[in-house]
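K.L.:
Got a predicted structure plus its sequence, pasted below:
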Amino acid sequence: MILEKSRLLTLLSEEQKADLSSLEKQFSHHLEYTIGKNKYTVKNEDIYKALGHTIRDFLIDRLNITNERYRGEDPKQIYYFSLEFLMGRTLLNALINLGLYDVVKQMIDGFGFQLEEVLEFEMDAGLGNGGLGRLAACFLDSMATLNIPGFGYGIRYDYGIFNQIIANGSQVELPDHWDADGVPYEVIRGDVTHSVGFYGYTETRISGKGKTEHYWVPAETVLASAHDCPIPGFNTSTVNYLRLWTAKSSEEFNLDYFNHGDYMKAVQDKSISENISKVLYPNDTTEQGKILRLKQQYFMVCASLQDILIHHRLTHASLEYLGEKVAIQLNDTHPSIGIAELMRILLDQEDWEWDKAWQMTTRIFAYTNHTVLPEALERWKVSLFEMLLPRHLEIIYEINFRFLNEVRKSGKLTEAEISEVSIIEEGADKRIRMANLAVIGSHKVNGVAALHSDLIVKTIFKSFYKIFPEKFTNKTNGITPRRWLIQSNPSLTALIAKRIGDGFATDLYKLRDLEKFADDSDFKNDFAKVKQTNKDQLAKLIKSETGISINPLSMIDVQVKRFHEYKRQLLNILQVIALYRRIKENPNRNITPRTVIFGGKAAPGYFMAKLIIKLINNVATVVNHDADVDGRLKVVFLPNYRVSLAERIIPGTNVSEQISTAGTEASGTSNMKFMLNGALTVGTLDGANVEMLEEVGAENIYIFGLKTDEVFDLKHKGYDSRTYIEANEELKRILIMIRENYFSPNEHGIFTPIHDTLVYNDSYLLCADFTDYDRMQGRIAEDYLNQDVWNRKAIMNVARSGKFSTDRTIREYATDIWNVPILPTLAPKTRYSFDEK
């Protein structure tokens, strides 16, 4: 069940009864005329679709009111450019934010259905890969809640992040056709279509005034068609939108080919054009994959900029004041080609002089960096740009030429440093550094955690920082409490609201008021009951999804996130093997019962990450079927990790694993979600963990391992993992078990690459951190036995999670980077009720 019955309804007010009557009429209409069903044929799925259309009507009403307000007040607006928006399910979130949950629950009950079952028919909109896309989704929620005129722009991929199944312990990818049955709350804007060009050539002419003019003549044109997802704010009338583009062919059908019998060729151009929005993250290990990926990036920014300029011209005669009315945030480097595109529009179409166009462009754009790993920064071949976007390449060359000239004149950098900041990476195969373009073309550049922001100006952007230190700033990530507390953990929400009121929903710092209950035995007991209920529900989910029975009274230890070597899921499973070995050596030893849960997807072409998933599942098979273990240790891999699954895992978690190598994780946001829901973190001083430690206090978090400067120093001196392996007999024996096929008796040698990586090329210092991690896990197991102390720590984590709300993050962006207003709230008719029945 998504929301427990103990808090479903208060007595409906007269106003709510009126809303109920109105909703029932709309719902009945959609059920009969939109879905085409009657009382004899209706099913849960039909109820979901009719409800989606009904809420869509409600959202459109508020969206129109919001747009009228923006048109009348003419505030500066922020547009968030991202190639990923990991929205998950949106219907329940809309019901909560609109204050309609109770009324809709009453209505669906009246039709003889259960709302919880109906909502399960919504597919996750997995239009993102991980934290970057989920952050974008949280940002949209906060913009609407804060009444900020803010909108998202992205791509409506036909197929989102793949569906993951586990076969013989290995990840298998299946297509995710998330919209196969339609998206009832989506608004299709058939009248909003823009042309996007590719390939072709540029022409240079001399105008009648003697000015050199440039024209791009594309050889291929694709149409971008708009689909809007309304984004309602919480307890406010504001509804913004996320506009996603889908690719359509400019030529539906070639009749000439068809008439000559070439039926495949008749539709080939249409298929090729529409591939652009077909799939999230095409495999770019091939040349065709690279072309498609760059096409996606330009397709999104080109359509979005046209849309923004058309919207601006509705109320402004020219683009002279565009910078006063428009801000654009680049979510990582993927949309940074937008800088060259806006320059092209201003230079070639608006006939602006270079300096004027550049001043406007840099005033509008700002860039968020999400990585400290140099290899993760996008670099495109110049030859690819020359073929696909010839005019943009010319503009990028000109940007780079002028920038390098200014840098040389300033005398701030050496020639070696000038080479580092150049947009063009020289060599036999020249490349365009998109991060450098983003830094040069933006007025602000931000990291996403204090440590991360400090690292980027000392490492990847060190030379840029010497040129313009004032550009760089920090904006620590956050999460929206509407989804990650109110929606995902209603029992805890109700308990908190009962004690401190409901102000925390829009001001998470108010959770500090819970501190005075940290030693209140009644509150601690109630808090523990909520956690145990959530654990019981998680145990049922695990049984249903995997067939594995776990002990819901055991310590639930969770690591769920994208699989990557730097996130060190491998370190976690090594420690699980250590626990297993200790049980085997002494089956009668007392240990704290523990269930270790993994979840997450590996990129299809990432061999080592997929092999680690295989190892985890093989270890689980051995551990879970060993009679000596007797259920005291269970290992679970929950397949197909996604937003809706996270909402069910996180509330039932005791221990949150945030164990990346120090200096590799930009921020992380799953750490914040677990903290808000009362899990205790075991982690390194990496990303936002540093700030979590500052907020919650060292006594309420488990920090281990090398610090960032120690990692850099060790690597500089020459790290050899064998030194640490020889010093730790436990680790040595674990590696022998892996090498000698203990967990792969029928697949000899399959895990040799993992063994060899740890012994000969331990890039992420697992062996260096293993001893301290193992020691800390022992302390956690001991502390968990004292439930009174443990619950106090958990309550303090919830109470001190206020900083990690995207409401705080977005306020900082609005004030420090975008200079956009936070408008007064227009109170809605309906508000979400926190009361228990």
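P.N.:
It's in.

K.L.:
Would you mind listing where the stretch 201-350 of the chain has pLDDT under the threshold?
P.N.:
For the stretch 201-350 of the chain, residues meeting the criterion pLDDT under 70 lie at 252-270.

K.L.:
which residues touch residue 741?
P.N.:
For residue 741, the contact set (CB atoms under 8 Å, 6 or more residues apart in numbering) comprises 747-751. Bear in mind the C-beta positions are built from the backbone N, C-alpha and C, glycine included.

K.L.:
Narrow the residues you listed to just the buried residues.
P.N.:
750-751 (16 or more other CB atoms under 10 Å).

K.L.:
Of the contacts of residue 741, which pair is most distant in space?
P.N.:
Comparing all pairs in the contacts of residue 741 by CB to CB, the longest separation belongs to 748 and 751, at 9.6 Å.

K.L.:
follow-up on the earlier one: so which of the contacts of residue 741 would you say is closest to residue 599?
P.N.:
residue 751 (20.6 Å).

K.L.:
residue ranges of the helices in the stretch 601-750 of the chain, please?
P.N.:
Along the stretch 601-750 of the chain, the segments classed as helices by DSSP state H, counting those that start in this stretch run 607-624, 643-649, 670-676, 689-696, 708-717, 721-727, 729-739.

K.L.:
Give the buried residues for the first one.
P.N.:
Read that as helix 607-624. Those would be 609-620, 622-624, for helix 607-624 by 16+ other CB under 10 Å.

K.L.:
Identify the residues contacting it?
P.N.:
By CB under 8 Å, 6+ apart, helix 607-624 touches 166, 169-171, 548, 563-565, 569-570, 573, 576-577, 580, 598, 602-603, 629, 633-637, 738, 742-744, 750-751, 753-754, 757.

K.L.:
swap in stretch 36-48?
P.N.:
The contact list for stretch 36-48 (CB under 8 Å, 6+ apart) reads 31-32, 35, 50, 91, 108, 111, 113, 117-122, 181, 184.

K.L.:
and if you look at stretch 421-438?
P.N.:
The contact list for stretch 421-438 (CB under 8 Å, 6+ apart) reads 330, 333, 336-337, 339-340, 365, 367, 369, 377-383, 385, 393, 396-397, 399-400, 403-404, 407, 413, 419, 440, 445, 460-461, 463-464, 467.

K.L.:
who's sitting farthest from the centroid in the protein?
P.N.:
Most distant from the centre of the chain: residue 208, at 51.1 Å, with distances by CA atoms, centre = their mean.

K.L.:
Please report the distance of it from residue 713.
P.N.:
Distance, residue 208 to residue 713, by CB to CB, to the nearest Å: 65 Å.

K.L.:
got it, and residue 359?
P.N.:
For residue 359, the distance to residue 713 equals 43 Å [CB to CB].

K.L.:
Repeat that for residue 180.
P.N.:
Applying CB to CB, the value for residue 180 to residue 713 is 52 Å.

K.L.:
circling back: next, format the contacts of residue 741 as TSV and append distance to residue 538 and pLDDT.
P.N.:
Listed next are the contacts of residue 741 as TSV, based on distance: CB to CB, whole Å; pLDDT from 0 to 100:
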residue	distance to residue 538	pLDDT
747	31	97
748	36	97
749	36	97
750	31	98
751	29	98
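
K.L.:
Could you say which of the helices of the stretch 601-750 of the chain is packed most deeply?
P.N.:
The highest mean neighbour count among the helices of the stretch 601-750 of the chain, using mean count of other CB atoms under 10 Å, belongs to helix 670-676: a mean of 27.

K.L.:
hmm, back to that, of the contacts of helix 607-624, grab the buried ones for PyMOL.
P.N.:
Listed next is the PyMOL selection for buried residues among the contacts of helix 607-624, using 16+ other CB under 10 Å:
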select buried, resi 166+169+171+548+563+564+565+569+570+573+576+577+580+598+602+603+629+633+634+635+636+637+738+742+743+744+750+751+754+757
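
K.L.:
what about stretch 583-592, start to end distance?
P.N.:
One end of stretch 583-592 to the other measures 11 Å (CA to CA, to the nearest Å).

K.L.:
what does that stretch rub up against?
P.N.:
554-555, 579, 582, 626, 628-630, 632-633, 781-782, 784-785.

K.L.:
Buried subset of the residues you listed as a ChimeraX selection?
P.N.:
Per 16+ other CB under 10 Å, the buried members of the contacts of stretch 583-592 correspond to this ChimeraX selection:
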select :554,555,579,629,632,633,781,784
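
K.L.:
I'd like the contacts of stretch 583-592 laid out as a markdown table, including distance to residue 796 and pLDDT.
P.N.:
Below are the contacts of stretch 583-592 laid out as a markdown table (distance: CB to CB, whole Å; pLDDT from 0 to 100):
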| residue | distance to residue 796 | pLDDT |
| --- | --- | --- |
| 554 | 23 | 98 |
| 555 | 18 | 98 |
| 579 | 27 | 98 |
| 582 | 31 | 97 |
| 626 | 37 | 97 |
| 628 | 37 | 96 |
| 629 | 33 | 96 |
| 630 | 34 | 90 |
| 632 | 28 | 96 |
| 633 | 28 | 98 |
| 781 | 20 | 98 |
| 782 | 19 | 98 |
| 784 | 16 | 98 |
| 785 | 19 | 97 |
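
K.L.:
Rebuild the contacts of stretch 583-592 as JSON lines, extending it with distance to residue 543.
P.N.:
Supplementary listing: the contacts of stretch 583-592 in JSON lines, determined by distance: CB to CB, whole Å:
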{"residue": "554", "distance to residue 543": "14"}
{"residue": "555", "distance to residue 543": "18"}
{"residue": "579", "distance to residue 543": "22"}
{"residue": "582", "distance to residue 543": "27"}
{"residue": "626", "distance to residue 543": "19"}
{"residue": "628", "distance to residue 543": "23"}
{"residue": "629", "distance to residue 543": "18"}
{"residue": "630", "distance to residue 543": "18"}
{"residue": "632", "distance to residue 543": "18"}
{"residue": "633", "distance to residue 543": "17"}
{"residue": "781", "distance to residue 543": "24"}
{"residue": "782", "distance to residue 543": "29"}
{"residue": "784", "distance to residue 543": "23"}
{"residue": "785", "distance to residue 543": "26"}
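
K.L.:
wait, which of the contacts of stretch 583-592 is closest to residue 73?
P.N.:
Among the contacts of stretch 583-592, and counting by CB to CB, the member closest to residue 73 is residue 555, at 52.7 Å.
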